[in-house]
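Undergrad: please find the sequence and the predicted model below.
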Amino acid sequence: MTAAKKQAFPAHPEVPISKAVRAGDFVFTSAYGPWTFDPAKVTYADDGTVLDDGTDKANRDMPIAEQVHKTFDFVKQALAVAGCTLDDVVSSECWLSDPRDFVVFNAIYKTYFTKDPPVRSIFPMRFMFNCKVEVKVIAYKPLAG
Amino acid sequence: MTAAKKQAFPAHPEVPISKAVRAGDFVFTSAYGPWTFDPAKVTYADDGTVLDDGTDKANRDMPIAEQVHKTFDFVKQALAVAGCTLDDVVSSECWLSDPRDFVVFNAIYKTYFTKDPPVRSIFPMRFMFNCKVEVKVIAYKPLAG
Amino acid sequence: MTAAKKQAFPAHPEVPISKAVRAGDFVFTSAYGPWTFDPAKVTYADDGTVLDDGTDKANRDMPIAEQVHKTFDFVKQALAVAGCTLDDVVSSECWLSDPRDFVVFNAIYKTYFTKDPPVRSIFPMRFMFNCKVEVKVIAYKPLAG
């Protein structure tokens, strides 16, 4: 039997997003980076480049490998609140601030999707905060009927 | 009973896109900004930057707040042709030409998704025309069976 | 009857992606450009710009029109392994390295989606390799029940 409405799993009440939303047999997650931030605390250079994202200053020096693992932690948590795991992921969108991180990213990515990997897009991207990677996924997991 | 084919709601006949497409229990919209434009009328600087998008020159000075509301007007219209509202949206992709507009964008965004908000990605982005914001959504609304 | 699990169509074993994945009534493809490349063979300028993507040097001079057709060849192949055609596509994401290619891109795009076109987003984008275009799609095609 198909659910008539979406089932949202909202994030922090001050943030107008959900961690995950179930819609029928699919679960969508928000885009996650290695940490969360408050847009009101970000400071910018004159050209709009992010100077400081208002989080721990150590974050900006965090190596790409650690950032990828922390990002996947958030994605896994978001999937988990909707009853899914990485095995259920069918489509993945990935962004890296520095294209030279692609090889390292890929090596770690492989360890999270060892079998029947999702389809993927990956692009160099500027971010709203001082991170090196973001990931957003769609999972497929029909509820036991 | 599942529909065997997609149901498209094409935009203007000269544009190879649909405003919205229903596919089973889901409705997808195109990415919308605050106004539409004709790619053939856009003029560019030597480095590919858009100089003039061929629409009303007043558009380029339109404040971000007004641009966000106009963008949501288009998204709501696209959803409406397929029988959906913003309440049905499960996933949202947002882009801003200037990351410093994030706080203003977010404050307005919240007024459109007051309960059970969709998942979201948001990135600084260059656009094909002179606007400050674009939004694309996926909605979930099973047809009455 | 709904399939309980996704059905993946993995690409080359060394690449952690699938060409396409079927999930219920939907088929998702990876993002495709006009050729494939090995991230380990890409060389970069000091600012991270791709200097050489390690493929045939003739690729970088390939005209946009040819690149668009080759990209659609890959998309069609990915759809085909999952039993779909371009007629089944409901949502399309497109990226161009140079916004001035939009008019040419659009003219070709129209020939692939002549009726009931998908919804679309299109943005100027940097890529992980030396190409001018990438496309990723979602198709809807219920299996005969």
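TA: Structure received. Fair warning: this is a prediction, and the values are worked out from it, not measured in the lab.
Undergrad: and A:Ile108, how far from A:Gln67?
TA: Counting by C-beta to C-beta, to the nearest Å, the gap between A:Ile108 and A:Gln67 amounts to 10 Å. Glycine gets a C-beta too; all of them are placed from N, C-alpha and C.
Undergrad: between these two, which is the more surrounded one?
TA: With neighbours defined as other C-beta atoms under 10 Å in any protein chain shown, A:Ile108 and A:Gln67 compare such that A:Gln67 has more, 24 against 18.
Undergrad: where does the prediction get shaky in chain A?
TA: When residues are selected by pLDDT under 70, those of chain A lie in A:1, A:145.
Undergrad: other SSEs contacting the longest helix along chain A?
TA: Secondary structure of chain A per DSSP state H: the longest helix is helix A:64-81. Packing partners of helix A:64-81 (3 or more C-beta pairs under 8 Å, 6 or more residues apart in numbering or on different chains; DSSP states H and E): strand A:18-23, strand A:26-29, helix A:102-112, strand A:133-140.
Undergrad: quick one: closest of those to C:Gly54.
TA: helix A:102-112 (11.8 Å; C-beta to C-beta).
Undergrad: what residues does chain A have near chain C?
TA: A:24-26, A:88, A:90-91, A:98-100, A:102-103, A:106, A:109-110, A:113, A:116-124, A:138, A:140, A:142, A:145 (C-beta under 8 Å from any C-beta of the partner chain).
Undergrad: derive a ChimeraX selection command for the buried subset of the residues you listed.
TA: Listed next is the ChimeraX selection for buried residues among the residues of chain A next to chain C, using 16 or more other C-beta atoms under 10 Å in any protein chain shown:
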select /A:24,25,26,88,90,91,99,100,102,106,109,113,116,117,118,119,120,121,122,123,124,138,140
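Undergrad: how about the longest helix of chain A: buried residues?
TA: Quick answer for helix A:64-81 (16+ other C-beta under 10 Å): A:64, A:67-68, A:70-72, A:74-76, A:78-79, A:81.
Undergrad: report the spatially nearest residue to the most centrally placed residue in chain A, omitting neighbours in sequence.
TA: The residue lying closest to the centre of chain A (C-alpha atoms, centre = their mean) is A:Tyr32, at 2.5 Å. Leaving aside its chain neighbours, A:Tyr32 sits nearest to A:Phe74 (3.8 Å; criterion: C-beta to C-beta, 6 or more residues apart in numbering or on different chains).
Undergrad: equivalent analysis for A:Val104, please.
TA: A:Ile64 (5.3 Å).
Undergrad: for A:Lys70, same thing?
TA: Nearest to A:Lys70 is A:Pro34, by C-beta to C-beta, 6+ apart, at 3.7 Å.
Undergrad: you'd agree the one you found is in a strand?
TA: No - in this structure, A:Pro34 is coil, not part of a strand, as judged by DSSP: H, G, I helix; E, B strand; the rest coil.
Undergrad: list the contacts for it?
TA: A:59, A:62, A:66-68, A:70-71, A:74, A:131-133 (C-beta atoms under 8 Å, 6 or more residues apart in numbering or on different chains).
Undergrad: any figure for the gap between it and A:Asp61?
TA: Distance of A:Pro34 to A:Asp61, given as C-beta to C-beta: 12 Å.
Undergrad: show me which residues of chain A are close to chain B?
TA: A:2-6, A:8, A:10, A:16-21, A:23-24, A:28-31, A:39-40, A:42, A:44, A:48, A:50, A:93, A:95, A:125-128, A:134, A:136, A:138.
Undergrad: isn't A:Phe37 up against A:Gly54?
TA: Yes - at 6.0 Å, A:Phe37 counts as touching A:Gly54 under the criterion of C-beta atoms under 8 Å.
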